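Undergrad: Structure, please.
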Amino acid sequence: MHNAVDLATLVKQPFELLREIERRSATAHSGASGAPGASEWVGVGFRIGEERFIANREQVREVLMLPEAMTRVPGAKRWMLGIANLRGHLLPLVDLKLLLGSGRTSLRRTTRVISVNHREIPAGLVVDEVIGFRRFMNEEKTSTVPQTIVRCDRFLAGAFERGNENWPVFNLFDLIESNLFLQAAAE
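TA: Now for the predicted structure:
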């Protein structure tokens with residue numbers, strides 16, 4: 001183990017001071033200052049109806065405001081809201097709540113679009129609200145999937161529990177790779 005160095009003794013050695021700060025930062029980030037092997041899971045919290053979910057941050061490219069203009073897609077299911085041009089890229093916009101069979105998302109000032117970070121399938125999921133980043137320790141994860149009102153059980157991969165809060169993990173890749181999502185043409 002590396003002996004702790006008093007930073008004040010390194011004031012006249014800027015390179016060594018930076019190296020010690022970097023070492024401390026890496027130690028803190030790896031969880032070595034806490035329980036051995038502890039690590040952090042980071043996700044993006046969002047709301048569908050009154051329920052909160054969390055998606056792995058690696059599955060979220062960005063969070064956007066609902067665009068003012070979108071083009072309807074003739075012959076598409078009702079949950080396919082349309083296609084929007086966002087910074088020169090066409091992005092299909094999907095009402096996630098309606099896709100899951102739980103009614104239409106009310107368009108309010110809190111409504112957001114989660115742009116899914118998938119290599120092959122572009123998708124913008126319209127949700128009631130994006131709550132922001134949420135950080136959990138791996139020990140807070142449970143494989144128990146809580147009951148939800150929104151019909152999304154098959155896309156949930158466990159949950160994080162902290163105190164009386166429960167955050168179901170919504171796997172966005174499983175959703176957009178599913179037949180439910182890929183069959184956007186109306187019958």
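
Undergrad: so for the helix or strand containing residue 93, what's the average pLDDT?
TA: Using DSSP states H and E, residue 93 falls within strand 89-95. Averaged over strand 89-95, pLDDT sits at 93.

Undergrad: Other residues contacting that strand?
TA: The contact list for strand 89-95 (CB atoms under 8 Å, 6 or more residues apart in numbering) reads 66-67, 70, 73, 78-85, 104-105, 113, 115, 122-126, 181, 184. Where you see a C-beta, it was placed from the backbone N, CA and C, and this is true even at glycine.

Undergrad: what number of residues lie near residue 170?
TA: Number of residues near residue 170 (other CB atoms under 10 Å) recorded here: 28.

Undergrad: how far away is the residue lying closest to it once chain neighbours are set aside from residue 161?
TA: Closest residue to residue 170 apart from its sequence neighbours, by CB to CB, 6 or more residues apart in numbering: residue 53 at 4.2 Å. Note on residue 53: its distance to residue 161, by CB to CB, to the nearest Å, is 14 Å.

Undergrad: Which one's more surrounded, these two?
TA: Neighbours were counted for residue 53 and for residue 161 using other CB under 10 Å; residue 53 has more, 24 against 16.

Undergrad: list the contacts for the nearest residue to residue 174 once chain neighbours are set aside?
TA: Distances taken as CB to CB, 6+ apart put residue 155 closest to residue 174, at 5.0 Å, once the chain neighbours are dropped. The contact partners of residue 155, taken as CB under 8 Å, 6+ apart, are 170-172, 174-175, 178.

Undergrad: Quick check: residue 99 touching residue 181?
TA: Yes. Applying CB atoms under 8 Å, one finds residue 99 in contact with residue 181, separated by 6.9 Å.

Undergrad: May I ask which of the contacts of residue 155 has the most neighbours?
TA: When neighbours are counted by other CB under 10 Å, residue 170 leads the contacts of residue 155 with 28 neighbours.

Undergrad: List the buried residues of the lowest-mean-pLDDT helix or strand in the chain.
TA: In the chain, no helix or strand scores lower on mean pLDDT, DSSP states H and E than helix 14-30, which sits at a mean of 73. Neighbour counts over helix 14-30 (16 or more other CB atoms under 10 Å) mark 17, 20 as buried.

Undergrad: re earlier: out of the contacts of strand 89-95, which end up buried?
TA: 66-67, 70, 73, 79-84, 105, 113, 115, 122-126, 181.

Undergrad: Show me what the residue nearest to residue 170 bridges to in the sheet.
TA: residue 46 (DSSP bridges).
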